[in-house]
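1. My questions are about this predicted structure, shown below with the sequence.
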Amino acid sequence: MKRTYLYLAVLLIAASVSIIGCQPVQNFDRENLVGTWYTSDDGGMYYTFYENGTGRSENSAQQGRNFTWTLDGESLVLRYEGQGAIAYKDLVITTLNATALKCYYAQDPADKLSFVKQ
């Protein structure tokens, strides 16, 4: 009997922690993302997002790559193709408005990026 109560108590605690730890997913406006953004992170990069789901990233030497993008809630995925390979950047947006974009890499939340709209 004690074992059953202990088991139920552990389940109740685990369920409470998982519910409390969940934050609602934010839905960001696609319209705010469209345009050119600059970040001094990553050695200085410009990212241009077009309404049709395509874009281009360029460094300060104007060397760039084309990409396609999707925005689903707070998840922003950039898909690069070239030379027989496909690469992805999976980003999680924390702030997106008319002038600021803040995000982090989904694989490494400590790697944060800040952009300003040009």
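-> In hand now; what should we look at?
2. looking at the protein, which helix or strand is least sure?
-> Least confident element among the helices and strands of the chain, by mean pLDDT, DSSP states H and E: helix 2-21 (a mean of 47).
3. Show me what the helix or strand just after it is packed up against.
-> Next helix or strand after helix 2-21 toward the C-terminus (DSSP states H and E): helix 30-33. Under the contact criterion of 3 or more C-beta pairs under 8 Å, 6 or more residues apart in numbering; DSSP states H and E, helix 30-33 touches strand 64-72. C-beta coordinates here come from the backbone N, C-alpha and C atoms, glycine included.
4. Who does the closest residue to D29 other than its chain neighbours form a beta bridge with?
-> In space, D29 comes closest to L96 once its chain neighbours are excluded; the distance is 7.1 Å by C-beta to C-beta, 6 or more residues apart in numbering. As for beta bridges, L96 partners with L101 under DSSP bridges.
5. L96 and Y50, how far apart?
-> L96 sits 16 Å away from Y50, taking C-beta to C-beta, to the nearest Å as the criterion.
6. Repeat that for I93.
-> 18 Å.
7. who's more crowded, these two?
-> I93 (19 against 14; other C-beta atoms under 10 Å).
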